[in-house]
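Novice: quick one, what's the 3D model for this:
(one chain, ligands or ions: 1)
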Amino acid sequence: MAHLEIETGQPSPDVAADGVWLHCIECSEEVAPFADIVYRCPSCQGLLEVRYAELPGWSAFDGRGVWRYRDALPVDDGVSIQEGDTPLYHAPELAREVGVSTLAVKHEGMNPTGSFKDRGMTVGVAVARRLGVERLACASTGNTSAALAAYGARDGMPVLVLLPAGKVAAGKLAQAALHGARILEVDGNFDTCLDLVSELAERGEVYLLNSLNPYRLEGQKTIGLEMLEAFRERYGAIPDRVVLPVGNAGNTSALHKAFRELVAAGAIGPDDVPKLTGVQAAGAAPLVEAIEDGADSITRWNEVETIATAIRIGNPVNAPKAIPAIRETGGTAIAVEDEEITDAQRSLAERGIGVEPASAASLAGLRALREQGVVDASERVVCLTTGHLLKDPDAAAAAGVDPEPVSATTADVLELLAE
Ligand code: F0G
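Specialist: Below is the predicted model of the structure:
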């Protein structure tokens, strides 16, 4: 697992600020942080990641939520709505049903705006403030826009969001609207929205807070830190596998970075790293295709469709980070049908865990991989559920039981109950 290591040490003195710099994952160019606004490597257009002169171990972490991990983040504090510190639910019945030794559910839907995006925004908006930008923007399948709208509002910064018309779940759209973002509904899918907003960012019109932004992914990295801390506390071990839904593949990349940094800090051994296992909807599965084909890059899907609108994405921008993340941890990727996603959403809901369809893809993928024998019965697994049930009330209502009309008399209610 040679690539699990991450280099520390100082780059050229003129590049690092406070022991932090940007590193190109393709050509290793070092880029100064907090100076010019850059999203990609100025030399080769490769993806950037944040690097640190020193990496903290477990004992450095103090406090609660995302900012408990401030020593592992590029800035010391941010625009906070008390994000992070999400529950890790013990799920023994689901573990038995799926056929694994331990199953825990890390429910990121319990963040302030109902998805993991809050972790990225608390850091990303803080960096935006430090850079002195005037307008924040993102393309979104919904959750990123809801989170950015809220964090922008909290910080008093204008927010522009580009959404695929007719393909954003009601709860997410309502959040962006009420938090006062300017909402452009684009006649195209998420990937087209990202193309457009990236161009606006290149022209200096907006500051881009999609997961192409390496600072945002640092916030999301705290999912991995928090998950391993909580799992260790509860089960006395590191999980063997983490299963998560994949859209733009930012989370897959961010979790990998969390694990690599823990290895570099000596906090976990290189053989302890959980196998990162990505799940896509069958109607939007370019990353699964790349993993199955043994390819180093994805081929963009122009037509995408799934009930899990959050991951209705055909051109995962973080694939160059996520493909090595999956391979180097010994993980895999799998596509699941919409019916399997809805079944998994019901199974979680029956145990009191309310998630949106994309989140349930994690459990659906785990089930399928266990049935195929790819996941072993002895494994300790964490499923990451990324968004709250109320994000997509229409999908929840369609998957749930139907209300029964009754007249307003006790006799009629009793009669109905007796049936
Ligand atoms: N789950 C949910 C609920 C999401 O909203 C997203 C992404 C993902 C999973 C996939 O995460 O992109 O890091 O692989 N939603 C983005 C958005 C694209 O615009 O809200 P990823």
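Novice: now the strand or helix carrying Ala322: mean pLDDT?
Specialist: When elements are assigned from DSSP states H and E, Ala322 belongs to helix 319-328. If you average the pLDDT over helix 319-328, you get 98.
Novice: near the ligand, which residues of the stretch 201-350 of the chain?
Specialist: Contacts of the stretch 201-350 of the chain with the ligand, taken as CB under 6 Å from any ligand atom, map to Ser211, Pro245, Val246, Gly247, Asn248, Ala249, Gly250, Asn251, Ala310, Ile311. Backbone N, C-alpha and C define where each C-beta goes, glycine included.
Novice: so the second one sits against Gln280, correct?
Specialist: Yep, that's Pro245 we're talking about. Yes - assessed by CB atoms under 8 Å, Pro245 is found in contact with Gln280 at 7.4 Å.
Novice: joint contacts of the two?
Specialist: Each of Ile311, Ala361 lies in contact with both Pro245 and Gln280 under the rule CB atoms under 8 Å, 6 or more residues apart in numbering.
Novice: where do the strands sit along the stretch 301-419 of the chain?
Specialist: Using DSSP state E, counting those that start in this stretch, the strands of the stretch 301-419 of the chain run over 332-336, 380-385.
Novice: over to the chain?
Specialist: All strands of the chain, identified by DSSP state E, fall at 20-24, 30-31, 48-52, 88-90, 102-107, 136-139, 159-164, 182-186, 207-208, 241-245, 275-281, 332-336, 380-385.
Novice: which one of the ones you listed lies closest to Leu366?
Specialist: For these, the distance to Leu366 is smallest for strand 241-245, at 4.8 Å, taking CB to CB.
Novice: list the neighbouring strands of that closest one plus their orientation.
Specialist: Strand 241-245 has the following sheet partners, assigned by DSSP bridges: strand 275-281 (parallel), strand 380-385 (parallel).
Novice: I'd like these as a markdown table, with mean pLDDT and mean neighbour count appended.
Specialist: As requested, those are arranged in a markdown table below (pLDDT from 0 to 100; neighbours: other CB atoms under 10 Å):
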| stretch | mean pLDDT | mean neighbour count |
| --- | --- | --- |
| strand 275-281 | 99 | 28 |
| strand 380-385 | 99 | 27 |
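Novice: okay, the ones you listed in a markdown table with distance to Arg154 next?
Specialist: Shown next, in a markdown table, are these (distance: least, CB to CB, whole Å):
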| stretch | distance to Arg154 |
| --- | --- |
| strand 275-281 | 31 |
| strand 380-385 | 25 |
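Novice: tell me where the longest helix sits in the protein.
Specialist: In the chain, taking DSSP state H as the definition, the longest helix is helix 214-235.
Novice: helices or strands up against that one?
Specialist: Other helices and strands packing on helix 214-235, by 3 or more CB pairs under 8 Å, 6 or more residues apart in numbering; DSSP states H and E, are strand 48-52, strand 88-90, strand 102-107, helix 117-131, helix 250-264, strand 380-385.
Novice: now it against helix 319-328, angle please.
Specialist: Angle, helix 214-235 to helix 319-328, by axes from the mean of the first three to the mean of the last three CA atoms, to 10 degrees: 30 degrees.
Novice: list the buried ones in helix 214-235?
Specialist: By neighbour count on 16 or more other CB atoms under 10 Å, the buried set for helix 214-235 is 214-231.
Novice: for stretch 348-368, same thing?
Specialist: Using 16+ other CB under 10 Å as the test for burial, stretch 348-368 gives 348-349, 353-368.
Novice: below-threshold pLDDT in the chain: ranges please.
Specialist: Counting by pLDDT under 70, the chain shows low-confidence ranges at 1-5, 7-10, 13.
Novice: what's the domain layout of it?
Specialist: What automatic domain parsing lists as the domains of the chain is 88-113+217-399, 117-216.
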